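*Asks:* Quick one, fold the following:
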Amino acid sequence: MASYDELLRACSHFTFRYGKINRIESNNEFWLETDARLRTDFNVEGLKTRDMLPIKYKSAMKPVFQQIGIAAAPGILMKTPGVAKAFVKDHGYPVIAKPDNGVGAYGTYKLNNHKELTTFLAHKLPVDYFLESFVQGQLCSFDGLTDREGHIVFSSGLMYGAGVMEAVNEDLDMFIYIPRELPKKVVEAGEKVIKAFDLRERFFHLEFFLVEGKEPIALELNARPPGGMILDMINFANDINVYELYARLLTEEGLEVDLERPYNCFYLGRKDHYRYVMTPDEVAERYPEEVVFHGPVAPAFTAAMGNYAIIIRTPDLDRGHAIQQAAMETGRPSGQ
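*Replies:* Prediction:
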């Protein structure tokens, strides 16, 4: 998969033997540019190489937010240490440094002072970084799927108990949840962004910060499904199968979906180095109606999503928060 020549030969073989390729799609952030390049070379419907810049690069994404009137934190492409120091002089600490073309929170840092900036500059990954002002607010997302005309077929959203960057860099446990009622301002801003990027026949995962008294502040757009077990959460919250819906969208004309979202769905990501008051089995035994899944997390996701996952759902948001607090309580005596 990492050899474009081999992919090119494979697609040429499929085209010669079976006819024109209908779709090329991985639904994975890492392969977005490869997907686009193959679509460009074989004239396949969907995002092409020319579309990638504002979708993959933070420095090209932020101007799109600004052009449509969506708030975004000040930021700059950091080509040299001098650019970073000038940005800090103008905007102050803390700042967030992230790869301009990055995946998730990998290689992302919060820099609180000049010493941390100097250390980062000396040891950062050998890629272009994007620097932006730190926003203190509630991290949330607007997720969903668009049809071939770019209309949103269904939408969901997440509220984060802890940010992914903090969970990775500080090795924290974390929880996220899908509320039955999404914040109205997030939905309105999200719909505006999806239209501006003209995403068609795609999953999307759009992140915002909510700051009291302000409009949602756009963080970044991901033209792929949300990661980890979030699609499972969407399934549990709505009693649906997301990929069955995706398949129908690809094969049916004018697909319409009426989702009632009968449940709030919580994901609890527990880290191995914490000692929790209840074991996962004890949580499941205490809340048999609410716990719909618990099990180990795939190693690729443990830094961000915890070593062990518990998913609960309940129509009552307050009860969901109460179970989350009980299931994440630490302090089990040593040896138990």
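*Asks:* Could you report the neighbour count for Leu139?
*Replies:* Leu139 has 20 neighbours, counted by other Cβ atoms under 10 Å. Quick note: C-beta positions are derived from backbone N, CA and C, even for glycine.
*Asks:* What sits closest to it if chain neighbours are left out?
*Replies:* Distances taken as Cβ to Cβ, 6 or more residues apart in numbering place Tyr160 nearest to Leu139, at 4.0 Å, with adjacent residues excluded.
*Asks:* all helices of this structure, in order?
*Replies:* Remark: helices assigned in the chain by DSSP state H are 4-18, 32-42, 52-56, 58-67, 81-91, 114-123, 164-169, 184-197, 230-238, 242-251, 280-286, 302-305, 317-327.
*Asks:* can you pull the contacts of the residue nearest to Leu139?
*Replies:* Shown here is Tyr160, whose contacts under the criterion Cβ atoms under 8 Å, 6 or more residues apart in numbering are 138-141, 174, 176.
*Asks:* re earlier: where among the helices of the chain is average confidence lowest?
*Replies:* Looking over the helices of the chain, mean pLDDT reaches its minimum on helix 164-169, with a mean of 58.
*Asks:* Per-residue pLDDT of the nearest residue to Tyr267 once chain neighbours are set aside, please?
*Replies:* Excluding its sequence neighbours, the residue lying closest to Tyr267 (Cβ to Cβ, 6+ apart) is Ile176, at 5.1 Å. pLDDT for Ile176: 95.
*Asks:* cool, and Lys110?
*Replies:* We note a pLDDT of 89 for Lys110 in this prediction.
*Asks:* With Glu29 instead?
*Replies:* 87.
*Asks:* Next one: it relative to Ile96, how far apart?
*Replies:* Separation of Glu29 from Ile96 (Cβ to Cβ, to the nearest Å) stands at 18 Å.
*Asks:* Thr49 now?
*Replies:* With the distance defined as Cβ to Cβ, Thr49 ends up 28 Å from Ile96.
*Asks:* These two - which one has more neighbours?
*Replies:* Between Thr49 and Ile96, Ile96 has the larger neighbour count (other Cβ under 10 Å), namely 19 against 15.
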